[in-house]
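Peer 1: pasting the structure only:
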């Protein structure tokens, strides 16, 4: 039923030609086990809305991604949600839907149809391509395998193309969430598998508001 509703809001790729400010956000489809994770996603949504930055994200219905979408729209911002048919099939499983999450788009579509654009890619790889092409700034919040995949693809592309696109890792309250990954980059450099430790390819901020500083660089 929800997919039938979404067909009314599916967009073509003409959105990619826009000159509006956009940020692609990669984050988890779970909330994690600390309140700070959800709070960070909500804070990013509020920041983007108040600074006229359109949020582009994976269109997930759960976890931090859902919190980001809700917060952006609730604060008057715009969202381009890009999902994939294979992801949608998995999330349609009743095991994914809880009283706390419900059907996110059942709520969002009627209320925010002017602020929300929804794109359904054929598969995960095509979704990732759209996410990468849609913005010049990427923001990575805590997450797991999918988030890491998205982040690593962006830094590989940047290192191979000398792209000017900005990549930001958010480490809430300097909790060290990304420390093991950063150590792995250093290890790869130490043993001669990289020309550097990759840290020059991205920024690490402990607060959402620091995103504004990259506009001056």
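Peer 2: Structure's in. What do you need? Keep in mind the model is a prediction, meaning the values are calculated, not measured. Residues are numbered from 1 along each chain as shown.
Peer 1: what does residue 170 show for phi and psi?
Peer 2: Phi and psi for residue 170, reported as degrees, to the nearest 10, are phi -100, psi 120.
Peer 1: for residue 114, see how far away the most centrally placed residue in the chain is.
Peer 2: In the chain, the residue lying closest to the centroid (C-alpha atoms, centre = their mean) is residue 25, at 2.1 Å. Distance from residue 25 to residue 114, counting by C-beta to C-beta, to the nearest Å: 21 Å. Every C-beta, even on glycine, is put in place using the N, C-alpha and C of the backbone.
Peer 1: cool, and residue 84?
Peer 2: From residue 84 over to residue 114 (counting by C-beta to C-beta), the distance is 24 Å.
Peer 1: how about residue 73?
Peer 2: Per C-beta to C-beta, residue 73 is found 10 Å from residue 114.
Peer 1: can you check residue 133 too?
Peer 2: 24 Å.
Peer 1: the two: which has the busier surroundings?
Peer 2: residue 133 (11 against 7; other C-beta atoms under 10 Å).
Peer 1: buried ones in the helix or strand where residue 45 lies?
Peer 2: Take DSSP states H and E as the rule and residue 45 turns out to sit in helix 35-50. By 16 or more other C-beta atoms under 10 Å, the buried positions in helix 35-50 come out as 37-49.
Peer 1: how about stretch 157-169?
Peer 2: Along stretch 157-169, these residues count as buried under the neighbour rule (16+ other C-beta under 10 Å): 158, 166-169.
Peer 1: show me which of these is closest to residue 202.
Peer 2: Distances from residue 202 to the buried residues of stretch 157-169, taken as C-beta to C-beta, are shortest for residue 167 (3.9 Å).
Peer 1: residue ranges with poor pLDDT in the protein?
Peer 2: In the predicted model of the chain, residues 1-19, 87-110, 215-217 satisfy pLDDT under 70.
Peer 1: please enumerate the strands of it.
Peer 2: 22-26, 54-57, 79-84, 116-121, 137-140, 166-170, 203-205 (DSSP state E).
Peer 1: nearest to residue 177, of the ones you listed?
Peer 2: Among those, if distance is taken as C-beta to C-beta, the winner is strand 166-170, at 8.5 Å.
Peer 1: so what strands line up beside the closest one?
Peer 2: strand 137-140 (parallel), strand 203-205 (parallel) (DSSP bridges).
Peer 1: tell me the most buried of the ones you listed?
Peer 2: Ranked by average neighbour count under the criterion mean count of other C-beta atoms under 10 Å, the strands paired with strand 166-170 are headed by strand 137-140 at a mean of 23.
Peer 1: in this structure, what residue spans correspond to helices?
Peer 2: 2-6, 35-50, 63-74, 85-91, 104-112, 124-133, 145-161, 179-190 (DSSP state H).
Peer 1: so which of the ones you listed comes closest to residue 139?
Peer 2: Closest approach to residue 139 among these (C-beta to C-beta): helix 35-50, 6.7 Å.
Peer 1: what sits up against the closest one?
Peer 2: Outside of helix 35-50, the residues within contact range by C-beta atoms under 8 Å, 6 or more residues apart in numbering are 23, 25, 27-28, 31-32, 53-55, 64-65, 67-78, 139, 141-142, 170, 172-173, 175, 208-209, 211.
Peer 1: list only buried entries from those.
Peer 2: 23, 25, 27-28, 31-32, 53-55, 64-65, 67-74, 77-78, 139, 141-142, 170, 172, 208, 211.
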